[in-house]
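[1] I would like the atomic coordinates for the input below:
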Amino acid sequence: MKTALTNRRPIIRGITEVNFPTTNTVILDNGIPLHILEGGNQSIVKMEIAVLAGRPREAKQLVAASYGSLLKEGSAQYSSLEIAETFDRFGATFSQPFSFDYVSLQVYVLTKHCPKILPVFCSMIKDPVFPESELILFKERVKQKLSVDLTQNEIVAYREATELFFGAKHPYGYNSNAQLYDAVTQYDLLEHHQNVVGPQNTKMLIAGKLPDDTIDQLQEHLGQWNKSIRKRSPALPQEYPIPTRMYHDLEKSQSAIRIGRRLFDNSHEDYPAMLLLTTILGGYFGSRLMKNLREDKGYTYGVHASVEDLKYDGYFTINLETDRQHCKKVIQEIDHEIDVLQSIPVPADELTMVKNYISGHLLSKMDGPIQAMTVIKKNILYANDPQHMNVLIKKLQKVDVNQIMDVARKYLDRDLLTEVVIH
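    Numbers count the residues shown, from 1 in each chain. As a prediction, the model looks like this:
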């Protein structure tokens, strides 16, 4: 029997919610929560230890970043060579995700080798020793990298912009330099570990196919770690720097442009509307800035607008690179697109499409437990709520065109935006 074909296209339905998988939370003997998401078709495990011991809790600038970078350089039980050889021998991939707020250790390893890796992995956060020789080499490496970074327009623009958004004394705003690295001592690192790092502010996230005895192994290697820490409140200056126009000439043919401002964290009532507004403006390939600056005028290969939410704060930014001769015209077009959003309601079909884009983007991350954990991690570490994204999606659905125009006027007034141009 033949099935009749029609010219009718399938009904398109919006995504009103994304049901993220629920983690199984196990509390170790010392209080460390293990957030576990089991499953997947491959025999691989992703483990991450995250300690709330980043910049806002350091006693001296760059100590948190230096501390995190040097954890792999030796513990009381294993030398840096033994740590590296163990990861190599068992095919483990080690990394340290960047964060202003957390010090994190992350490893991917085959399920069968997980028991071999765990003792070494856990010792790195429990008993680091920070050998003086490794600290000297670390300083040489980062200063060399810094000297190269400071020749690149986009990196200089990012550094200048974040400092202007938050201020040079704010943990989210100050910039690294050779003098600050030179001032970090072994004592500073040990003090940071002693006073800031402990079970009380540590979480562990595990995804993939786990060996049956994983929890028992973690009880042995991490759950018996008992140390008290000082309750060091985050140092967060509350003054807001005055919006600034900053231009710096590195004698390059390309201009790196950053326009933005300090905002708020993702618990703020205006966050859902601001996320939608930013996506409409420049948050995806079909955004207004992309159509204007890339497709219509060919001024840039790509432009991106985003709302970056941190643990205690956040910021809005537009960034792109363009030919030096187009710089003034590009800024004029950015101003024009912001003016349009402030004065003309976003068409309902465009708003619906962007809502579906954001929800669909999150839905695409549900391909297996390891992918899903990247979203759940943000819920746990930054919102303290495993269901944060589900709640956010429901709030996004309720945002209307008037709210979009309201937040555009409230937060994107040109007099409130800082502008940085490096060329």
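
[2] Helices of the stretch 151-300 of the chain, start to end?
    With DSSP state H, counting those that start in this stretch as the criterion, the stretch 151-300 of the chain has helices at 153-166, 178-183, 186-196, 214-221, 271-282, 288-289.

[3] so what does the shortest one touch, helix or strand wise?
    Other elements packing on helix 288-289 under the criterion 3 or more CB pairs under 8 Å, 6 or more residues apart in numbering; DSSP states H and E are helix 271-282, helix 327-343. Any C-beta I mention is one placed from the backbone N, CA and C, and that applies to glycine too.

[4] which SS state does the nearest residue to residue 311 once chain neighbours are set aside fall under?
    Take residue 311 and drop its neighbours on the chain: the residue closest to it by CB to CB, 6 or more residues apart in numbering is residue 101, 3.9 Å away. With DSSP: H, G, I helix; E, B strand; the rest coil as the basis, the three-state label of residue 101 is coil.

[5] rewinding a little: who wins for proximity to residue 67 among the helices of the stretch 151-300 of the chain?
    Within the helices of the stretch 151-300 of the chain, the stretch nearest residue 67 is helix 186-196; the backing value is 5.0 Å (CB to CB).

[6] Can you list the buried residues in the closest one?
    Judged by neighbour count using 16 or more other CB atoms under 10 Å, the buried positions of helix 186-196 are 188, 189, 191, 192, 193, 195, 196.

[7] Likewise for stretch 395-404?
    Quick answer for stretch 395-404 (16+ other CB under 10 Å): 396, 397, 399, 403, 404.

[8] what sits up against it?
    14, 16, 272-273, 275-277, 280, 341, 345-348, 351, 355, 358-359 (CB atoms under 8 Å, 6 or more residues apart in numbering).

[9] Whichever of those end up buried, select them in ChimeraX.
    In ChimeraX, a selection of the buried entries from the contacts of stretch 395-404 looks like this (16+ other CB under 10 Å):
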select :272,273,275,276,277,280,341,346,351,355,358,359
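
[10] Show me where the stretch 1-150 of the chain has its helices.
    Applying DSSP H, counting those that start in this stretch to the stretch 1-150 of the chain gives helices spanning 63-70, 80-89, 114-126, 132-149.

[11] ranking these by burial, who's on top?
    Compared across the helices of the stretch 1-150 of the chain, helix 63-70 shows the largest average neighbour count, a mean of 23 (mean count of other CB atoms under 10 Å).

[12] next one: it to chain centre, how far?
    How far helix 63-70 lies from its chain's middle: 17 Å, per CA atoms, centre = their mean, to the nearest Å.

[13] Please tabulate the helices of the stretch 151-300 of the chain in CSV, including the columns mean pLDDT and distance to residue 228.
    Putting those into CSV (pLDDT from 0 to 100; distance: least, CB to CB, whole Å) gives the following:
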stretch, mean pLDDT, distance to residue 228
helix 153-166, 95, 31
helix 178-183, 97, 28
helix 186-196, 96, 9
helix 214-221, 95, 20
helix 271-282, 96, 35
helix 288-289, 97, 50
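
[14] Excluding covalently adjacent residues, which one is nearest to the spatially most central residue of the chain?
    In the chain, the residue lying closest to the centroid (CA atoms, centre = their mean) is residue 99, at 6.0 Å. Nearest-residue entry for residue 99: residue 54, 5.9 Å, with adjacent residues in sequence omitted and distances by CB to CB, 6+ apart.

[15] so who does that neighbour touch?
    So residue 54 contacts 64, 99, 100, 101, 102, 103, 171, 311 (CB under 8 Å, 6+ apart).

[16] now residue 51
    With CB under 8 Å, 6+ apart, residue 51 has these contacts: 102, 103, 104, 125, 197, 201, 202, 203.

[17] Model confidence for the fourth one, exactly?
    In the prediction, the pLDDT value recorded for residue 125 is 96.

[18] do residue 243 as well
    Predicted confidence (pLDDT) for residue 243: 87.

[19] Surely it and residue 413 touch.
    No. Under the criterion of CB atoms under 8 Å, residue 243 is not in contact with residue 413, lying 9.4 Å apart.

[20] so how far is residue 86 from residue 318?
    44 Å (CB to CB, to the nearest Å).

[21] oh, I was asking about residue 245
    52 Å.

[22] and if you look at residue 56?
    From residue 56 to residue 86 the distance is 32 Å (CB to CB).

[23] Report the contact partners of residue 409.
    residue 342.

[24] Can you say which of the helices of the stretch 151-300 of the chain is nearest to residue 260?
    Of all the helices of the stretch 151-300 of the chain, helix 153-166 comes closest under CB to CB, at 6.3 Å.

[25] now that closest one against helix 132-149, angle please.
    100 degrees (axes from the mean of the first three to the mean of the last three CA atoms, to 10 degrees).
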